[in-house]
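Trainee: pasting the structure only:
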């Protein structure tokens with residue numbers, strides 16, 4: 001069974017492991033941590049629909065699989081559409097009496113940022129617009145890591161990727177990260193959240209709420225990628241935590257359009273501390289870092305106005 005009670009401490013997280021060992025994900029992979037906790041939350045009564053991506057190719061090398069749930073693989077762009085179809089089929093089978101109408105079976109869609117922000121955005125939008133009872137989980141490693149670290153709509157300003165090279169004229173990614181939460185919010189779905197593996201109880205509680213939501217829900221989780229971000233394997237959680245402590249990644253929950261910050265940061269660390277740990281930002285000048293700091297400051301001000309309190313404070317001196 002999936003979790004039904006609030007997750008307040010680490011001891012509330014189920015001990016049962018439903019993400020089997022033997023996958024080939026990188027050491028320190030943020031997505032591996034996310035999938036392990038996600039499967040603990042959804043339990044056995046869930047059907048997983050997964051787009052092509054890092055997680056898919058590293059967990060299902062034939063004839064092996066790390067998934068203990070019914071699992072469906074779809075093309076890069078089809079997670080939302082495939083999950084919609086499975087959810088509609090479940091409804092039909094319940095109407096016909098093939099499946100007990102009172103049995104709760106949840107459809108859980110999983111995709112990376114490429115399969116969500118870009119190539120899968122249309123099918124995600126359709127799923128949200130139609131109101132399918134699907135939980136959609138985005139593991140965001142901020143590029144197309146599976147195919148060679150190409151930039152995506154989730155790649156942050158200034159980041160190096162293989163398609164946003166660093167030179168005298170081009171200084172990494174030219175544009176800020178796409179606002180996925182704003183896009184989901186525009187569909188007026190009942191539950192939206194951001195999460196981080198560095199804050200496991202916050203992440204698991206949000207996954208629990210998303211799973212138990214009737215109708216579409218979306219959980220957007222930062223997922224550090226050791227080769228793509230050019231970080232040490234042992235620094236995954238440190239980097240994910242610094243994203244929150246600098247305001248680069250705000251931990252939000254939006255229930256029926258009402259937002260709140262779930263992890264408050266009274267004094268932010270400078271974004272330099274987050275950027276300097278990652279080789280993909282190593283080329284940035286002081287001026288370029290100051291530009292990113294200004295962008296984050298403005299984002300934090302916008303969040304504070306939205307939630308109606310100073311949930312994220314100023315940068316510490």
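Mentor: Arrived safely. All figures in this text were calculated on a predicted structure; none of them were measured in a lab.

Trainee: C-alpha only now, for contacts and for neighbours.
Mentor: OK.

Trainee: would you pull up how far the helix ranked longest in the chain lies from the middle of the chain?
Mentor: When the chain is parsed with DSSP state H, its longest helix is helix 286-307. Distance of helix 286-307 from the chain centroid (Cα atoms, centre = their mean, to the nearest Å) equals 21 Å.

Trainee: hmm, who's touching it?
Mentor: 157-158, 247-248, 259-261, 270-272, 310-312, 314 (Cα atoms under 8 Å, 6 or more residues apart in numbering).

Trainee: pick the one among those residues closest to residue 9.
Mentor: residue 261 (18.2 Å; Cα to Cα).

Trainee: could you report the distance from the closest residue to the closest one other than its chain neighbours to residue 258?
Mentor: The shortest distance from residue 261 to any residue other than its chain neighbours is 4.6 Å, reached at residue 252 (Cα to Cα, 6 or more residues apart in numbering). Distance of residue 252 to residue 258, computed by Cα to Cα, to the nearest Å: 10 Å.

Trainee: picking that back up, count residues in the vicinity of the residue nearest to residue 261, would you?
Mentor: Around residue 252 there are 22 other residues, counting by other Cα atoms under 10 Å.

Trainee: how about residue 8?
Mentor: For residue 8, the neighbour count with other Cα under 10 Å is 12.

Trainee: could you do residue 16 as well?
Mentor: When neighbours are counted by other Cα under 10 Å, residue 16 comes out with 10.

Trainee: shaky segments in the protein?
Mentor: Applying pLDDT under 70 to the chain flags residues 1.

Trainee: start and end of stretch 143-160, how far apart?
Mentor: Stretch 143-160: ends 10 Å apart by Cα to Cα.

Trainee: same thing with stretch 271-290?
Mentor: From start residue to end residue, stretch 271-290 stretches across 9 Å - Cα to Cα.

Trainee: how far is that stretch from where the chain is centred?
Mentor: 23 Å.

Trainee: identify each buried residue in that stretch, please.
Mentor: Within stretch 271-290, the residues that count as buried by 16 or more other Cα atoms under 10 Å are 271-272, 274-281, 283-284, 289.

Trainee: strands of the stretch 151-300 of the chain, residue ranges please.
Mentor: Under the criterion DSSP state E, counting those that start in this stretch, the stretch 151-300 of the chain carries strands at the ranges 191-195, 217-222, 252-255, 258-261.

Trainee: to residue 115, which of the ones you listed lies closest?
Mentor: strand 217-222 (12.7 Å).

Trainee: the closest one: how far from the chain's middle?
Mentor: For strand 217-222, the distance to the chain centre is 4 Å (Cα atoms, centre = their mean).

Trainee: same thing with stretch 174-193?
Mentor: Taking Cα atoms, centre = their mean, one finds the center of stretch 174-193 at 12 Å from the center of the full chain.

Trainee: now do the end-to-end distance for that stretch.
Mentor: Across stretch 174-193, first to last residue, Cα to Cα, it's 27 Å.

Trainee: okay if I get the strands of the stretch 151-300 of the chain as JSON lines plus distance to residue 14?
Mentor: Below are the strands of the stretch 151-300 of the chain laid out as JSON lines (distance: least, Cα to Cα, whole Å):
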{"stretch": "strand 191-195", "distance to residue 14": "18"}
{"stretch": "strand 217-222", "distance to residue 14": "19"}
{"stretch": "strand 252-255", "distance to residue 14": "22"}
{"stretch": "strand 258-261", "distance to residue 14": "25"}
